[in-house]
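Undergrad: structure for this input, please:
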Amino acid sequence: MNTIKTILFMGILASLMVSIGAFIGGKQGLEIALLFALVTNIGSYWFSSSIALRMAHAIPISENEAPYIYRVVRQLTQKANLPMPSIHLIPTQSPNAFATGRDTHHAAVAVTQGILDILDEEELEAVLAHELSHVKNLDVLITTIACVMVSVISYIANFLPYIMGYDRNQRDNEHPIALLIMIILAPITASIINLAISRSREYEADASGARLCGNPMALASALAKIDQTVQAIPLNTNSALSSLYIMKPQAGNWLLDLMSTHPATPKRIERLEAIAAQSMRQLN
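TA: Numbering: from 1, shown residues only. Below you'll find the predicted structure:
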């Protein structure tokens, strides 16, 4: 199912790129965009995780540098029957974490220095379980590809005015309103597609992570701490990467929350509390 979703998603974004190319340069632009979309899709599959880690300024760390993280991740991967992912550190005080990779054998987990500073051991274990659940659930590929391709489409749209301005004398039928609409709609359309796949996967990873670590309330506590601290210390990162993180990197207003790639934190906590209550009833 995830493979079908990934192919469909890549096809939709490739079609969006081709449409932009056709708008810019007609048949020639369409052909160039088609080639560009093909290269981007192939590159996104093989290199999207490396690109995402680089965009996030994540640095590989060894077991000697972070023995506790390695120990917890190793225990969780053994419990989930997963290969050991590579571990990365993002040198920022804003608390957050994400997982990436094209499959379970090529996965990576990245945590910020800030999340290591504010969470206790149980909370950190729960966050790592959440991220490994993304790997286990096989949704890291589509999410990472989404981030990279949304970034590419936004980049193309930002350069449309320069491209069209350069070619303006040769195109008598150019319409500035149509250009403005394309510039606005291209990245928004890509972001909406990204948003559509992100909220449900966060709920699913919360539930899977809670079961993996066996402590739903530790994850609920971690989410509350992260959410509160992000309000004061937002993460300065490429907006295209937002859906990768366990928590949206920046605080927003009601409009930004409406368009957020993440469910509202109180709703996530409420679901985790329900999971904890159900577990207690089963024990009794």
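
Undergrad: mind checking how far E63 is from R74?
TA: Going from E63 to R74 by Cβ to Cβ, to the nearest Å gives 9 Å. The way it works is simple: take the backbone N, C-alpha and C, and place the C-beta from them, glycine included.

Undergrad: quick check: neighbours shared by the two?
TA: Any residue near both E63 and R74 by Cβ atoms under 8 Å, 6 or more residues apart in numbering counts here, and not one turns up.

Undergrad: and H106, how many neighbours?
TA: 17 (other Cβ atoms under 10 Å).

Undergrad: tell me, what residue is most central in the protein?
TA: L244 (1.9 Å; Cα atoms, centre = their mean).

Undergrad: alpha carbons of stretch 65-82, as PDB, please.
TA: What follows is stretch 65-82, C-alpha atoms only, in PDB (Å, rounded to 0.1, in the frame of the first residue of the first chain):
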ATOM      1  CA  GLU A  65      29.500  10.200  21.600                       C
ATOM      2  CA  ALA A  66      26.000   9.100  22.400                       C
ATOM      3  CA  PRO A  67      26.000   5.700  24.200                       C
ATOM      4  CA  TYR A  68      22.500   6.200  25.800                       C
ATOM      5  CA  ILE A  69      20.800   7.000  22.500                       C
ATOM      6  CA  TYR A  70      22.500   4.000  20.800                       C
ATOM      7  CA  ARG A  71      21.500   1.700  23.600                       C
ATOM      8  CA  VAL A  72      17.800   2.800  23.600                       C
ATOM      9  CA  VAL A  73      17.600   2.700  19.800                       C
ATOM     10  CA  ARG A  74      19.200  -0.800  19.700                       C
ATOM     11  CA  GLN A  75      16.700  -2.100  22.300                       C
ATOM     12  CA  LEU A  76      13.800  -0.600  20.400                       C
ATOM     13  CA  THR A  77      14.900  -1.900  17.000                       C
ATOM     14  CA  GLN A  78      15.400  -5.400  18.400                       C
ATOM     15  CA  LYS A  79      11.900  -5.300  19.900                       C
ATOM     16  CA  ALA A  80      10.500  -4.000  16.600                       C
ATOM     17  CA  ASN A  81      12.600  -6.400  14.500                       C
ATOM     18  CA  LEU A  82      14.300  -3.600  12.600                       C
END
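
Undergrad: may I see the buried residues of that stretch?
TA: A66, I69, Y70, V72, V73, L76, T77, A80, L82 (16 or more other Cβ atoms under 10 Å).

Undergrad: repeat for stretch 52-63
TA: A52, L53, M55, A56, H57, A58, I61.

Undergrad: what do you get for stretch 35-53?
TA: Buried residues in stretch 35-53 (16+ other Cβ under 10 Å): F36, A37, T40, N41, S44, Y45, S48, S49, S50, I51, A52, L53.

Undergrad: same list (those) but as JSON lines, adding pLDDT.
TA: What follows is the buried residues of stretch 35-53, written out as JSON lines (pLDDT from 0 to 100):
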{"residue": "F36", "pLDDT": "72"}
{"residue": "A37", "pLDDT": "72"}
{"residue": "T40", "pLDDT": "72"}
{"residue": "N41", "pLDDT": "70"}
{"residue": "S44", "pLDDT": "68"}
{"residue": "Y45", "pLDDT": "71"}
{"residue": "S48", "pLDDT": "76"}
{"residue": "S49", "pLDDT": "85"}
{"residue": "S50", "pLDDT": "90"}
{"residue": "I51", "pLDDT": "85"}
{"residue": "A52", "pLDDT": "87"}
{"residue": "L53", "pLDDT": "94"}
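
Undergrad: inside helices: which ones of the residues you listed?
TA: For these, the ones inside helices are F36, A37, T40, N41, S44, Y45, S48, S49, S50, I51, A52, L53, with DSSP state H as the criterion.

Undergrad: the last one against A108, yeah?
TA: Which is L53. Yes. Assessed by Cβ atoms under 8 Å, L53 is found in contact with A108 at 6.2 Å.

Undergrad: overlap in contacts, these two.
TA: Common neighbours of L53 and A108 are listed as H88, T100 (criterion: Cβ under 8 Å, 6+ apart).

Undergrad: tell me the one of the buried residues of stretch 35-53 nearest N137?
TA: Taking Cβ to Cβ as the measure, N137 lies nearest S49 of the buried residues of stretch 35-53, at 15.9 Å.

Undergrad: tell me how many other residues surround the residue lying closest to the closest one once chain neighbours are set aside.
TA: Closest residue to S49 apart from its sequence neighbours, by Cβ to Cβ, 6 or more residues apart in numbering: T100 at 4.2 Å. The tally of other residues near T100 (other Cβ under 10 Å) stands at 31.
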